[in-house]
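Colleague: A predicted structure for the sequence below; I have some questions about it.
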Amino acid sequence: MRIAVIPEKLGGVLSPCGTIRLSTFFDAIRDATRGRWDVRYLVPEEVEAFQPHVIVWQRVALPTSGDVAAVVKVAKSVGATMIYDLDDNLFELDDQFERRMYAEKLEAVRASLQVADQVWCSTPDLVRNSAGVSRSPPLLMPNALDPSLWAEPRGPVFAGGAVSKLLYMGTRTHAADLDLLNQAMALLELRSPGQYKLDVIGVSSRYDEFPWLEVLTIPSYVGASYPAFVHWICRQGARKLGVAPLLRSRFNDSKSSIKVLDYAALGMPALVSDVPAYSALRADIDCLKTDNCPEAWATNIERACTDGALTSRVLSSAMSLIGERVFSDAVSLRIDAIDRGLSGA
């Protein structure tokens, strides 16, 4: 069987979403089927010559409704099943810059949802939000970390010592979340001067100078490459705690809990906002949770950094959410969905 995958790209490489949502799984699908499923990563103009049985695309890999229509025409001519993968509620973007960037592409996202034989979504909330637009009932295809990608040797662990080090990493759409976290850090600085430090990767284009904050600069060679980023971050060492503040919004409520998985892969328990994006995870078991106010964040950071038994137990449970078995199950879920789509079930 031939599968044509059209991933989202940034420059000359797959976007992080292109790797996390497509190549990670379709490389594994090719391996799991021992090459019986021939997977090719193609640009739209190459698809027809490949004569695929399945065509998969994601997000804004097809940026205009005309591009979507062209792929639909190819799919109909060769009898291919069409699969569209979506991992964000792009119709509800919070960030003004991103809203402008995606404005002209939303027509293509809507068209993709309406024509695809299968729609794959990363979270239950996104499944619900897409159901009113998509032609077929969306399928939940949760994220999972590729253990071969995250199996890098870790750097030194900073879990001990007098100073409690925290790590926050994310895209630049999370500036408001960082502001909330900095308010909590200011309270901790008043209570225990110098006791808590926050290392930040990405998140904002502008940083105020705070005594607790250090920005870790991503090397230029990483660029937009997710594998290169994972290779680099795995060598930065674990901190005592990974933090993931997230304010409520219709966009954020559809996000996945992948940060908890990332932190677990780096050897850290996670403290997250008690919001829908993390509702599937058990508080004080898979992760630590807190209300979204500075006082609650400060109190729960203190709790996490002083209760070693609790954080050790949480990290142990979070580790069960990653690894070979979890990834293999996620791959099998996608293989089964493709099989059902081909059989017309």
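Modeller: Arrived safely. Residues are numbered from 1 along each chain as shown.

Colleague: By average pLDDT, which secondary structure element in the chain comes out worst?
Modeller: When the helices and strands of the chain are scored by mean pLDDT, DSSP states H and E, helix 96-102 comes last with a mean of 71.

Colleague: tell me how far stretch 105-112 is from the chain's mean position?
Modeller: 21 Å (Cα atoms, centre = their mean, to the nearest Å).

Colleague: Show residues contacting that stretch.
Modeller: 57, 59-60, 62-65, 67-69, 84, 86, 90-91, 102, 133 (Cβ atoms under 8 Å, 6 or more residues apart in numbering). From N, CA and C alone the C-beta is placed, and that goes for glycine too.

Colleague: And stretch 76-85, by the same measure?
Modeller: Applying Cβ under 8 Å, 6+ apart, the contact partners of stretch 76-85 are 4, 21-22, 48, 51-59, 71-72, 74-75, 112-113, 115-121, 141, 337-338, 341-342.

Colleague: Weed out the non-buried ones from those.
Modeller: Buried members of the contacts of stretch 76-85, scored by 16 or more other Cβ atoms under 10 Å, are 4, 21-22, 48, 52-59, 71-72, 74-75, 112-113, 115-121, 141, 337-338, 341.

Colleague: and the least confident helix or strand of the chain, what other elements does it pack with?
Modeller: Packing contacts for helix 96-102, counted by 3 or more Cβ pairs under 8 Å, 6 or more residues apart in numbering; DSSP states H and E, involve no helix or strand.

Colleague: got the CA positions of it in CSV?
Modeller: Extracted as CSV, the C-alpha positions of helix 96-102 are listed here (Å, rounded to 0.1, in the frame of the first residue of the first chain):
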residue,chain,number,x,y,z
GLN,A,96,-2.7,38.6,17.4
PHE,A,97,0.3,37.9,15.3
GLU,A,98,-0.7,34.3,14.8
ARG,A,99,-4.3,35.4,14.0
ARG,A,100,-3.0,37.6,11.3
MET,A,101,-0.6,34.9,10.1
TYR,A,102,-3.3,32.2,9.8
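
Colleague: Quick check: next helix or strand after it?
Modeller: Next along the chain after helix 96-102, taking DSSP states H and E as the criterion, comes helix 106-115.

Colleague: per-residue confidence averaged over that next one?
Modeller: Averaged across helix 106-115, pLDDT comes to 96.

Colleague: In the stretch 151-300 of the chain, where is pLDDT below threshold?
Modeller: Within the stretch 151-300 of the chain, the ranges that satisfy pLDDT under 70 run 152-161, 205.

Colleague: one step back: right, and the pair among the contacts of stretch 105-112 with maximum separation?
Modeller: 69 and 91 (20.0 Å; Cβ to Cβ).

Colleague: between those two, who's got more neighbours?
Modeller: Applying other Cβ atoms under 10 Å to residue 69 and residue 91 shows that residue 91 carries more neighbours, namely 16 against 13.

Colleague: Tell me the spacing between the nearest residue to the more buried one once chain neighbours are set aside and residue 187.
Modeller: Leaving aside its chain neighbours, residue 91 sits nearest to residue 106 (6.3 Å; criterion: Cβ to Cβ, 6 or more residues apart in numbering). Distance check for residue 106 against residue 187: by Cβ to Cβ, to the nearest Å, it reads 40 Å.
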